[in-house]
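**Student:** coords please:
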Amino acid sequence: MSNVNETAAAEKGFGAFLKRKNIIISGKRYGIDALGAMAQGLFASLLIGTIISTLGTQLGIEILVNIGNYAKGVTGPAMAVAIGYALQCPPLVLFSLIAVGSAANELGGAGGPLAVLVVAIVAAECGKLVSKETKLDILVTPIVTICVGVLLSMGCAPAIGTAASAVGKAIMWATELQPLLMGILVSVLVGVALTLPISSAAICAALGLTGLAGGAAVAGCCAQMVGFAVMSFRENKWGGLVAQGIGTSMLQIGNIVKNPKIWLPPTLASAITGPLATCVFKMQMNGAAVASGMGTCGLVGQIGVYTGWIADVEAGTKAAITAMDWIGLVLICFVLPAILTQLFAIPMRKKGWIGENDLKLNL
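**Tutor:** Numbers count the residues shown, from 1 in each chain. Down below sits the predicted model:
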């Protein structure tokens, strides 16, 4: 009996210690907060760097190319620090994650973002465990954080990267083989992920989702963002149109919880635009994979498709950017999501499935 009491006391004591260290082991903390922050780190480094360097190349401004390359060069550290920020790491732990992110991203290869996510979380939490526990904190905390992170990167990052890359390649291969079915699945699932409080951009980046599958992902994200923006215009006017259309459809998640039926129109629209993107327009995302999950947010998805066109032309795999390319991009990303979502929403409003203020945002 005494052993049981001692075990319970030890568990209670350890739980109190974790609470004091702000270590919360939960799906929300790691699967939503950390993943979402990682996407922001990717956006502020790789994605922005790609846009700036592409702009510099097109305009013949070498300094922009250099700026973009420097931004892309810190992708790993940017992701790791963003994750550490989401986990509310103390300063010494946060700054030590720079080295961890660099190692994990480099050793993770094509699946570097997923490797960074896993490794940075473990290293950050280990660093928090020892933070301010000794008088040599300025030495102990960085040493523990960096050593745990780099050693874990050396041992696990290649395998994590290979696994993530394999899954991404399987999805892309399946999309090439079955563009209709996979166009629907990828478009709907990634679009849904974009509206949920998780990061579709981080998922696409972790899996390296490009090619036709990337194009379907862009289509799904655009259907959600443009669809919700247009469908809720009567309630939210121009502010809502901009906030959702080039911001995020995640703003509607509270309303979706209250009435899940409002999610049907943009989701059904994505089930149509996805296969149109893969089967009719052959729209591919050959820019940065993170852009596949961004949709119309800051027009990042469209810029990603365009940078992919430029890269393909320079590589000789694409003869030129055609009028059909532009028509497909505009239809899939803007026109069809707006029209289709409204076509599905209007009868739902008439039947009372969508109430007058069900889409209202507090803007």
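
**Student:** Find me the pLDDT at residue 31, would you?
**Tutor:** At residue 31, the model reports a pLDDT of 85.

**Student:** For residue 202, see how far away it is.
**Tutor:** To residue 202, residue 31 is 10 Å away according to CB to CB, to the nearest Å. (Each C-beta comes from the backbone N, C-alpha and C, glycine too.)

**Student:** So, low pLDDT: which residues of the stretch 1-150 of the chain?
**Tutor:** Residue ranges of the stretch 1-150 of the chain with pLDDT under 70: 1-12.

**Student:** so residue 275 makes contact with residue 179?
**Tutor:** Yes. Counting by CB atoms under 8 Å, residue 275 touches residue 179, with 6.9 Å between them.

**Student:** related to what we said a few turns ago, between residue 31 and residue 202, who's got more neighbours?
**Tutor:** residue 202 (26 against 14; other CB atoms under 10 Å).

**Student:** any idea which helix or strand carries the nearest residue to that one once chain neighbours are set aside?
**Tutor:** Nearest residue to residue 202, sequence neighbours excluded (CB to CB, 6 or more residues apart in numbering): residue 39, at 3.9 Å. Element membership for residue 39, per DSSP states H and E: helix 35-42.

**Student:** Any idea which residue is closest to the centre of the protein?
**Tutor:** Here the mean C-alpha position of the chain is nearest to the C-alpha of residue 201 (CA atoms, centre = their mean), at a distance of 1.8 Å.

**Student:** For the helix or strand harbouring that one, enumerate the helices and strands it packs against.
**Tutor:** Using DSSP H and E, residue 201 falls within helix 200-207. Using 3 or more CB pairs under 8 Å, 6 or more residues apart in numbering; DSSP states H and E as the contact test, the elements touching helix 200-207 are helix 35-42, helix 112-130, helix 137-177, helix 179-195, helix 211-231.

**Student:** Highest mean neighbour count out of those?
**Tutor:** Among the helices and strands packed on helix 200-207, ranked by average contacts under mean count of other CB atoms under 10 Å, first place goes to helix 211-231 (a mean of 32).

**Student:** mean confidence score for that one?
**Tutor:** On average, the pLDDT along helix 211-231 is 96.

**Student:** How far away from the center of its chain is the next helix or strand after that helix?
**Tutor:** Proceeding N to C from helix 211-231, the next assigned helix or strand is helix 233-245, under DSSP H and E. Relative to its chain's centre, helix 233-245 lies at 23 Å (CA atoms, centre = their mean, to the nearest Å).

**Student:** Mind giving me the packing neighbours of helix 233-245?
**Tutor:** Helices and strands touching helix 233-245, by 3+ CB pairs under 8 Å, 6+ apart, are helix 211-231.

**Student:** one step back: specify the angle between the helix holding residue 201 and helix 179-195 in degrees.
**Tutor:** Counting by axes from the mean of the first three to the mean of the last three CA atoms, to 10 degrees, helix 200-207 lies at 130 degrees to helix 179-195.

**Student:** Helix 200-207 to helix 112-130, inter-axis angle?
**Tutor:** 100 degrees.

**Student:** So which residues of the stretch 201-350 of the chain form helices?
**Tutor:** With DSSP state H, counting those that start in this stretch, the ranges of helices along the stretch 201-350 of the chain come out as 211-231, 233-245, 253-258, 264-275, 300-315, 323-330, 336-350.

**Student:** With residue 190 as the reference, name the closest of these.
**Tutor:** Nearest of the helices of the stretch 201-350 of the chain to residue 190, taken as CB to CB: helix 211-231 at 4.1 Å.

**Student:** Distance from the closest one to the middle of the chain?
**Tutor:** Centroid separation for helix 211-231 versus its chain: 14 Å, with CA atoms, centre = their mean.

**Student:** That one - contacts with which helices or strands?
**Tutor:** Looks like helix 211-231 contacts helix 137-177, helix 179-195, helix 200-207, helix 233-245, helix 264-275, helix 300-315, helix 336-350 (3+ CB pairs under 8 Å, 6+ apart).

**Student:** can you rerun that using 7 Å?
**Tutor:** helix 137-177, helix 179-195, helix 233-245, helix 264-275, helix 300-315, helix 336-350 (3 or more CB pairs under 7 Å, 6 or more residues apart in numbering; DSSP states H and E).

**Student:** Can I get it in CSV? Just the C-alpha atoms.
**Tutor:** Written as CSV, here are the backbone C-alpha positions of helix 211-231 (Å, rounded to 0.1, in the frame of the first residue of the first chain):
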residue,chain,number,x,y,z
GLY,A,211,2.9,18.7,-58.9
LEU,A,212,-0.7,17.9,-59.8
ALA,A,213,-1.4,17.0,-56.1
GLY,A,214,-0.1,20.5,-55.2
GLY,A,215,-2.4,22.0,-57.8
ALA,A,216,-5.4,20.1,-56.3
ALA,A,217,-4.4,21.3,-52.8
VAL,A,218,-4.4,24.9,-54.0
ALA,A,219,-7.8,24.4,-55.6
GLY,A,220,-9.2,23.1,-52.3
CYS,A,221,-7.8,25.9,-50.2
CYS,A,222,-9.1,28.5,-52.7
ALA,A,223,-12.6,27.0,-52.6
GLN,A,224,-12.7,27.3,-48.9
MET,A,225,-11.4,30.9,-48.7
VAL,A,226,-13.1,32.4,-51.7
GLY,A,227,-16.2,30.3,-51.1
PHE,A,228,-16.7,31.5,-47.5
ALA,A,229,-15.8,35.1,-48.5
VAL,A,230,-18.5,35.3,-51.2
MET,A,231,-21.1,33.1,-49.4
